[in-house]
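S.K.: My questions are about this predicted structure, shown below with the sequence.
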Amino acid sequence: MKTIIKLSIFSVLILLPYFIINNINLEQNRQTLIIELRYNRAIDTATQDAARALLTNSSQRDESQYETLKRVKINKEEAVETFFNSLYLNFGVFNDTAGQGVVDNYVPVVMIVGYDGYYVYSWDEYINASGEKEIKHVWSPKKPYDYVDQDGNTFAFTLDDYVVVNRNVDQKWVEGFRSEITSEASISLLNDSDKFDQVRRTTIVNALQQDLEMVINQYNRYSKRLGVAYTFTIPLISEEDWHNTINDVGVLAFVQGIPMGEKYYNNYALGGSRIVKKEIFNGIIANGRKYYYSRNACVSTFTTEEMFTSERDAASSGYIPLDCTVGYRY
């Protein structure tokens, strides 16, 4: 009996440290998971806030009439400022300049996806006004979604099927929606809508991926001088997320290197700016003529004959824009 008791005590003494260590590890993992979820929420919120700020006016168009819904003016500076302010607020450093500098170091790059090109906001070294070298976030020039086919024809893609083409054989420029310029351009890629869309999407995604890899590698050279010991890497991004990124103008943000116990935080967030409802256009017939107007701009006592989600669709159905301000017309 005494032998059994001794063996039991001996077993407990041997196993007890393992149980204690296991419980400690479980608690550490639980705390790390809580922190990671909190960081995820903070980054997602900041990115969505930035996406909202990206549109200076969601109903504004770069051109006057019949414009694609995706071609909107963007305010990249406002978007990035909103992103960082939201991060500062969620990380508790909104009024702490030193703390903000630490948070900045964990953001290697923010990408702004525009209608006909994109911008990269990343760390770079330059000579400041005092003639000294300085490393900080700076904007890249606008980068178009360019593609050259096997015949040397150059394409400037957009987030829809509007395209600018330079025909190699005679250097002629052709511009418009794919279906409208097929005959004039006489380029095979424009004849197949599915292939055109595949090439367009692949071109845009590849451009974003290549720039992302370049700026991440570049920041690794700078980060050590900024006191960051973490080696930044490109996070695993699914093909679905990449294609969601280019469905509309938006913000793609990367946050890496924040210590979480024995791990480091490494994540990204996508914020689509099209979180507002699409504009609705009513088609009416007044005085024998067909007009369309935005529900956000006009009201009318005339019966709505048709409804459209774009000015282009309304125009293709024979409607012309109704010049009005808010109020009754006719």
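M.R.: Perfect, thanks for sending it.
S.K.: how many neighbours does the residue nearest to residue 74 when sequence neighbours are not counted have?
M.R.: In space, residue 74 comes closest to residue 54 once its chain neighbours are excluded; the distance is 5.1 Å by CB to CB, 6 or more residues apart in numbering. Using the backbone N, CA and C atoms, a C-beta is placed for each residue, glycine as well. By other CB atoms under 10 Å, the residues close to residue 54 number 28.
S.K.: Show me where the protein has its helices.
M.R.: 2-54, 76-90, 97-105, 178-185, 193-223, 239-245, 311-316 (DSSP state H).
S.K.: returning to what we had before: could I get the pLDDT score of the residue nearest to residue 74?
M.R.: Note on residue 54: pLDDT of 88.
S.K.: wait, what's in contact with it?
M.R.: Contacts for residue 54 (CB atoms under 8 Å, 6 or more residues apart in numbering) come out as 74, 75, 76, 78, 79, 112, 249, 250, 251, 271, 273.
S.K.: any idea how far the fourth one is from residue 220?
M.R.: By that I understand residue 78. In this structure, residue 78 and residue 220 are 29 Å apart, going by CB to CB, to the nearest Å.
S.K.: looking at the helices of the chain, which is closest to residue 143?
M.R.: Taking CB to CB, helix 193-223 is the member of those nearest to residue 143, at 6.8 Å.
S.K.: Now do that closest one: which elements does it pack against?
M.R.: Packing partners of helix 193-223 (3 or more CB pairs under 8 Å, 6 or more residues apart in numbering; DSSP states H and E): strand 109-113, strand 117-127, strand 143-148, strand 154-157, helix 178-185, helix 239-245, strand 250-260.
S.K.: Need the winner for burial among these.
M.R.: Of all the helices and strands packed on helix 193-223, strand 109-113 carries the top mean neighbour count, a mean of 26, counting by mean count of other CB atoms under 10 Å.
S.K.: Just want the angle from that one to helix 193-223.
M.R.: 160 degrees (axes from the mean of the first three to the mean of the last three CA atoms, to 10 degrees).
S.K.: Note down every partner strand of strand 109-113 and its orientation.
M.R.: Applying DSSP bridges to the sheet, strand 109-113 is found paired with strand 117-127 (antiparallel), strand 250-260 (antiparallel).
S.K.: residues near residue 71, how many?
M.R.: With other CB under 10 Å as criterion, residue 71 counts 18.
S.K.: Now do stretch 100-115, average pLDDT.
M.R.: Rounded mean pLDDT across stretch 100-115 is 94.
S.K.: follow-up on the earlier one: check the helices and strands packed on helix 193-223 for me: which has the lowest mean pLDDT.
M.R.: helix 239-245 (a mean of 81).
S.K.: In TSV: the strands paired with strand 109-113, plus distance to residue 190.
M.R.: Below are the strands paired with strand 109-113 laid out as TSV (distance: least, CB to CB, whole Å):
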stretch	distance to residue 190
strand 117-127	20
strand 250-260	27
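S.K.: How about the backbone phi and psi for the closest residue to residue 167 other than its chain neighbours?
M.R.: Of all residues not flanking residue 167 in the chain, residue 153 sits nearest, at 5.7 Å (CB to CB, 6+ apart). The phi/psi pair for residue 153 (degrees, to the nearest 10) reads phi -80, psi 140.
S.K.: can I assume residue 153 is in contact with residue 163?
M.R.: No: at 10.8 Å, residue 153 does not count as touching residue 163 under the criterion of CB atoms under 8 Å.
S.K.: Could I get the helices of the chain in TSV, plus columns for distance to residue 255?
M.R.: As requested, the helices of the chain are exported to TSV (distance: least, CB to CB, whole Å):
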stretch	distance to residue 255
helix 2-54	5
helix 76-90	8
helix 97-105	9
helix 178-185	37
helix 193-223	12
helix 239-245	15
helix 311-316	38
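S.K.: can you tell which of those helices is closest to residue 117?
M.R.: Here helix 193-223 is closest among the helices of the chain (CB to CB), at 9.2 Å.
S.K.: Quick check: buried residues in that closest one?
M.R.: By neighbour count on 16 or more other CB atoms under 10 Å, the buried set for helix 193-223 is 196, 199-201, 203-205, 207-208, 211-212, 215-216, 218-220, 222-223.
S.K.: Check the burial of residue 226 by counting its neighbours.
M.R.: Residue 226: 14 surrounding residues under other CB under 10 Å.
S.K.: ok, it - contacts?
M.R.: Contact analysis of residue 226 by CB under 8 Å, 6+ apart lists 105, 135.
S.K.: and what of residue 264?
M.R.: Per CB under 8 Å, 6+ apart, neighbours of residue 264: 230, 256, 257, 258.
S.K.: nearest spatial neighbour of the first one, skipping sequence neighbours?
M.R.: To tie it back to what came earlier, the one meant is residue 230. Nearest one to residue 230, counting by CB to CB, 6+ apart, is residue 257 at 3.4 Å.
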